[in-house]
Structure formats: structure tokens, C-alpha cells
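Peer 1: Quick one, structure for this:
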Amino acid sequence: MRTQKIISMNRNTIITLLLAASAGLFTGCKKYLKETSQDELTPSTAASLNELLAREGYPYIATASNASDGYSLCNYLNTMDDDAFLQNIDANPVAYMKPFYGWSETVYNDVAQVPLAAGSKNPYQSFYNRIRGCNTVMDLLPDVSGAAEEKDQMQGEALALRAYYYFMLVNLYARPYNDPAHDKSTSPGVPIIDRGGISDKAVARSPVKEVYDFIAADIEKAISLLEKKRTISTLYRINYRSAWLLASRIYLHMEQWDKVLAYTGKLINEYPLITDLNAWKTPIAQAALGAGNANFIDPTNVEMLFLFTGVRYGDLGLMTTGGLSYADLIASPELINSYETNDMRYAAYTGSTNLPANFFLTRLSGYYMQSKVYYNAAASRCFRMSEAYVNRAEAYLRTAIKGGNASLLQKGLDDLNYLRLKRFKVGAANATVTPASFSNDPQQALQFCLAERRREFCFEEFRWFDLRRNGMPQLVHKYDPNKTTQTTLPIETYTLPQGGNRYVMKIPDNAMTANSLLAQNP
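Peer 2: Below you'll find the model as predicted:
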């Protein structure tokens, strides 16, 4: 059995360390904390425990420059898929991105000394730190004062977050759930830790199926608790709608199409809103730092369900919003060419006086880069309603393939058409498709659906996981080291073979060193 070493400490010490990491959070709030010794404080009320969850359980990494700031827990994901093209414009971002872009065998060592996006250098530790925060909150819930409704909401949020973190971990550090070459019942997944207190006893790597079963149990329990309170006070906390969407994503990877349909159906029936780009504010091209930029990932956007992770200069560079002085990671030609005429998510550049509609991909400094968030954004990651439609469309089409139900083919296309009508120019003849567009073949329609998913969620950390669950195709990345230099070095080519080992990330060395029983991924 594979294991992860956990440090031994009592519960009060755990809370003390968490509070020390969150010292700024409790300034002026000591009345909500119980003093257990001269140097130990434990939350005594639901309100103070809720603050601990906000700081230690939510996907957020504090920085010294701004306590409301943060990096994505794994912002490198956008560099590894086939939507990315890396070029040598600015040394620091390239030094960080290149090991991921080239699927390096020693990726963590390669980026260890790069002074950029420190929070993303060890996503394994970052996700487990958040899991520890969620576990600690749930461990303490019975001991704090507060209304049962408030405690149920807090537990529901903690369970949903934990489900999300394990979903990310198992898709980063284990083989896909549907990998035909590896039995999910025995293929190593990740360690399951469900308590915050902890001992020094090693925790085994559970099989992939067991991890997914744990995730599914967490999200189901979370939903049962979050549905008790059907009010949404903020988009910056998990709620029952975002939990429904997360459940559909989890079951999509587990290929449980009936459950995907059930949760997307509940969500769409209650909240069917998708933003129409024809009426959305256009960002300001060539001004990534401009205060007047309109962000698509924004609390004013009606399709947002959950917003998280702050926006920083370095993170924007890794997410490919250029115009800062470099354009290192840009949209690949394959991604650009996948967009159709009249699609407002992208528009062909026709000259310096006729810039495109810059909603998802913006032309900056001569290159196309993502433009969903800018430096003035309130958050850089989100759960949003368009995923519900795309998830449901895929579930309909895969069910049609399995059972031959022609009506499901039309239902799947209806969902895609609803999304596309909100993304294409008003009156565009090519905005909608019919079964005849695909010779009434659900297999062809499924490939169209997956392409639509790629266009809709580019640079939102979806594509890498989608490649994994759809056969892990061969990928080829090229890198030109001569860009903006006078060198004549050869073009570098990196190839990830179909089903290759680097579709699974290696576990970081510090985790391996801390636990002699933790076997490395091949």
C-alpha cells in the first residue's frame, strides 16, 4: 500500500497552527475564540469557525503583497494541453512554464528556483493543505456554539470543497477513471485523509475507484446539506447550485450519465441563464492592466455560480493575458482555427484599426491570448452555467450512442444550440446545428460537442482533464527559443505519446522524502 506521512499533533495544536497561518483573519475577533492555553486558541462559535473555513478551506493562496490576492492552485494546467503555444518572450514566465509545457520528468525540481507563482509549485501540498482546513472545520463543528442551520451550511461547503480538491488530485496524480489499460479498482489513486487532527501513522494511497467513490459520497452529502438553505448570499462561497454543477462534473468523469442528467437538469430547470455576448461589455484590447477592462469571469455575469482565486500579475501571465510586456503562452493555431465565422468568443484579426470582439481570445501584441479575466478582475476561476449545458449535452449524446435513442441526439444538440445562440452574432445562420448536420450520427455529434467544450472553456483548466478522459491522444508541443533574440538555436519539439506516463504527474519530491512508503508514479 502506498502512503503519505502525516505529522502527529493534537487537535488544539492543529488549530493553533492553522490560526497562526491565518493570523490576520482573527484580528479584532478574539471574542469568538476559546483560549485553551497561553498560546493556543480554538474557535468556540460557528461564526469564528466559518472564518477559519473561509481562510483555510477555500481555494485561495495568500501573498505578502495583498491578503485578498492569490494564485490558482495549479495554474500550470493551461500549459500542458493542446490549446497552448509557448514562445520565448519573457524569461521568468518561460522558465516556469517550459517544464510543464514539455512534460518534464523532473518538473518540480525544474521550477523550484523560479521566482514566479510560488503557490503553484507544489499543488499536491496545496490541495492537501486545503483538505486539512476542511477536515479541521468539520472535526470542530460539534464543539462550537451556533444554529444548526449555520452548521449544516458550513459542513456542506466543507464537503463540497473537499470533493473538489480530491477530484483535482486524483486527476493530476492518478490514471483516468476510464483508462482501459488500468483497472480503476487497483490502479493507485491518492491518499484519502478525512480527519484534521492526525497522527504520524502513514495513510495509504487508495485505488482510483475508491477515491472517486469517496468524492461522490462527499458531494452527495454536501448537496443534501446545502439544499436545506436555498438562499445565495455571495458567489464567493460554495452553494447548492455550484454543488449540483460539481456533481455533474464528477459523474461525467465516472461516466454515470444518468446522474449527470439528473444534476444538470435540476440546475438548468432552476437557473437557466447564460450570458449573451451580443449584450456583454467588450474588453479593451491592448490594455490588460486597464482599469476599464470588462472581465467575462465576473460577479456581474449572470452565468457565474462560484468565483474563486485572486488575480495577480504572474498568474495572468501564466493564464496568457498578455499586454503586460510579454506574450509567452498564446493560443495554439489548432484552437484558433476551431472557431467559426460569427462566433463572438473569437474573431479574425483584419487590421490594426479593426480589432476583434475580445471576449474569450484577444489579439494583443500580435498574438491571440485568453481574455476572460484581466488584472482588475475580482476572481480568476469560476463554476458557470454554460458547463451544465455542455455536460448535459455530452451525457445525452453518449446515452444515445449506447442505447440508440434518436430523441436524445436532438436533446443534446438543443443544449449546444442554446449555448451557441448566446455566443454567435445575432442572426448568424451557422449558430445552430441539426442531426442532419452530422448525418444523424451521434458519434459525429459527440465529437462536435467535445470541440464545443474546448472552445467554451479554453484556458479554464478543463482541457487537460478532458484529454485524459478521452483517450489521452498524442500531443506535440513546439518551442522557439529564438523569439525576440538574435540566436539561431534549433526549434525544440516535445512529444507526449498516446496514453503516455506524463498524462499522470509525478508526486513531488518533498512528499516522497517525507514518506518512504509512497511509491512514485512511473
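Peer 1: now the strands for the stretch 251-400 of the chain?
Peer 2: In the stretch 251-400 of the chain, the segments counted as strands under DSSP state E, counting those that start in this stretch are 304-308, 329-331, 361-364, 367-370, 381-384.
Peer 1: Let me have those strands in CSV, extended by mean pLDDT.
Peer 2: Below are the strands of the stretch 251-400 of the chain laid out as CSV (pLDDT from 0 to 100):
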stretch, mean pLDDT
strand 304-308, 95
strand 329-331, 86
strand 361-364, 75
strand 367-370, 78
strand 381-384, 94
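Peer 1: Which among those strands is found nearest to residue 42?
Peer 2: Taking CB to CB as the criterion, strand 304-308 is the member of the strands of the stretch 251-400 of the chain that comes nearest to residue 42, at 26.6 Å. The C-beta positions use only the backbone N, C-alpha and C, and glycine is treated the same way.
Peer 1: helices or strands up against that closest one?
Peer 2: In terms of contacts (3 or more CB pairs under 8 Å, 6 or more residues apart in numbering; DSSP states H and E), strand 304-308 is packed against helix 240-253, strand 381-384.
Peer 1: Single out the most deeply packed of these.
Peer 2: Between those, helix 240-253 has the highest mean count of neighbours, a mean of 24, where neighbours are mean count of other CB atoms under 10 Å.
Peer 1: lowest confidence element among the helices and strands of the protein?
Peer 2: The element with the least model confidence among the helices and strands of the chain, by mean pLDDT, DSSP states H and E, is strand 3-4, at a mean of 36.
Peer 1: Can you spell out the domain ranges of the protein, please?
Peer 2: With domains defined by automatic domain parsing, the chain comprises 3-71+121-229, 385-469.
Peer 1: Considering those domains, which stretch scores lowest in mean pLDDT?
Peer 2: The stretch with the lowest mean pLDDT among the domains of the chain is domain 3-71+121-229, at a mean of 79.
Peer 1: Looking at the strands of the stretch 251-400 of the chain, spot the one closest to residue 395.
Peer 2: Taking CB to CB as the measure, the strands of the stretch 251-400 of the chain were each checked against residue 395, and strand 381-384 came out nearest at 17.5 Å.
Peer 1: Which one, of the domains of the chain, ends up nearest to residue 109?
Peer 2: Among the domains of the chain, domain 3-71+121-229 comes nearest to residue 109, with 10.3 Å by CB to CB.
Peer 1: quick check: longest helix of this protein.
Peer 2: For the chain, the helix reaching the highest residue count under DSSP state H is reported as helix 148-173.
Peer 1: quick one: that helix to helix 240-253, angle?
Peer 2: Put simply, helix 148-173 runs at 30 degrees to helix 240-253, going by axes from the mean of the first three to the mean of the last three CA atoms, to 10 degrees.
Peer 1: Tell me the buried residues in helix 148-173?
Peer 2: Across helix 148-173, burial judged by 16 or more other CB atoms under 10 Å covers 150-173.
Peer 1: again with stretch 103-116
Peer 2: The neighbour-count criterion (16+ other CB under 10 Å) identifies 103-104, 107-108, 110-111, 114, 116 as the buried residues of stretch 103-116.
Peer 1: Tell me who's in contact with residue 298.
Peer 2: Remark: with contacts taken as CB atoms under 8 Å, 6 or more residues apart in numbering, residue 298 is in contact with 304, 377-378.
Peer 1: nearest to residue 335, of those?
Peer 2: Checking the contacts of residue 298 against residue 335 with CB to CB, the nearest one is residue 377 at 21.5 Å.
Peer 1: okay, now that closest one: neighbour count?
Peer 2: The local packing of residue 377 (other CB atoms under 10 Å) involves 21 other residues.
Peer 1: Distance-wise, check it relative to residue 167.
Peer 2: Distance check for residue 377 against residue 167: by CB to CB, to the nearest Å, it reads 24 Å.
Peer 1: before we move on, back to that, in JSON lines, list the helices and strands packed on strand 304-308 along with distance to residue 260.
Peer 2: Formatted as JSON lines, the helices and strands packed on strand 304-308 follow (distance: least, CB to CB, whole Å):
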{"stretch": "helix 240-253", "distance to residue 260": "5"}
{"stretch": "strand 381-384", "distance to residue 260": "15"}
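Peer 1: nearest to residue 391, of the ones you listed?
Peer 2: In this view, the helices and strands packed on strand 304-308 are compared for proximity to residue 391 by CB to CB, and helix 240-253 is the closest at 4.7 Å.
Peer 1: The stretch 401-522 of the chain: strands as residue ranges?
Peer 2: Counting by DSSP E, counting those that start in this stretch, the strands of the stretch 401-522 of the chain are 475-480, 492-496.
Peer 1: rewinding a little: from the chain's centre, how far out does the helix or strand that the longest helix of the chain is followed by sit?
Peer 2: Moving toward the C-terminus from helix 148-173, the first helix or strand encountered (DSSP states H and E) is strand 188-191. Between the mean C-alpha point of strand 188-191 and the mean C-alpha point of its chain there is a distance of 19 Å (CA atoms, centre = their mean, to the nearest Å).
Peer 1: Would you give the sheet partners of strand 188-191, along with the direction of each?
Peer 2: Within its sheet, strand 188-191 is paired with strand 203-207 (antiparallel), according to DSSP bridges.
Peer 1: residues making contact with the helix or strand that the strand it pairs with is followed by?
Peer 2: Once strand 203-207 ends, the next helix or strand along the chain (criterion: DSSP H and E) is helix 208-226. Residues outside helix 208-226 that contact it (CB under 8 Å, 6+ apart): 152-153, 155-157, 159-160, 162-163, 166-167, 169-170, 174-175, 177, 182, 184-185, 187-190, 192, 194, 206, 238-240, 243-244, 246-247, 250-251, 253-254.
Peer 1: do stretch 337-353 as well
Peer 2: By CB under 8 Å, 6+ apart, stretch 337-353 touches 277-278, 336, 355-357, 359-361, 363, 368, 420, 423-425, 428, 430-431, 451, 454-456.
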